[in-house]
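**Student:** coordinates only, sequence not included:
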């Protein structure tokens with residue numbers, strides 16, 4: 001039996017976005033915590049979170065079984081509260097890249113009245 005195209009380490013390394021496992025598990029833990037507290041499924045929490053993001057123009061659901069479709073559709077019957085959205089934002093935040101961090105720091109310097117000029 002042959003190997004899948006993506007099993008070779010060099011191919012995986014060059015073609016895929018780097019994925020931080022520790023961060024991914026932290027996100028999954030937070031999604032699971034919210035799901036348990038609300039009595040909903042992790043899929044509903046994930047879809048509900050995406051519905052709260054103005055930058056997301058459409059949330060696509062995928063289901064291979066009727067039960068999955070029914071579960072996904074229940075997402076619109078409730079809303080994450082602002083604290084839950086904030087918790088998910090914090091745990092899933094991406095690192096700031098250049099030039100974001102530089103522009104932020106120079107903006108702060110210019111707006112600081114105590115800065116010696």
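**Tutor:** Arrived safely, thanks for sending. These figures come from a predicted structure and were not determined experimentally.
**Student:** Contacts only, for the residue nearest the centre of the chain.
**Tutor:** The central residue of the chain, meaning the one whose C-alpha is nearest the mean C-alpha position (C-alpha atoms, centre = their mean), is residue 92 at 4.7 Å. When contacts are counted by C-beta atoms under 8 Å, 6 or more residues apart in numbering, residue 92 is found next to 23, 27. Glycine gets a C-beta too; all of them are placed from N, C-alpha and C.
**Student:** distance of it from residue 31?
**Tutor:** 9 Å (C-beta to C-beta, to the nearest Å).
**Student:** Could you do residue 20 as well?
**Tutor:** According to C-beta to C-beta, residue 20 stands 16 Å off from residue 31.
**Student:** ok, these two, which is more surrounded?
**Tutor:** Neighbours around residue 20 and residue 31, counted as other C-beta atoms under 10 Å, are more numerous at residue 31. The numbers are 22 against 11.
**Student:** What residues of the helix or strand in which the more buried one is found count as buried?
**Tutor:** In this structure, residue 31 is located in helix 21-38 according to DSSP states H and E. Buried residues in helix 21-38, counted by 16 or more other C-beta atoms under 10 Å: 30, 31, 34, 35.
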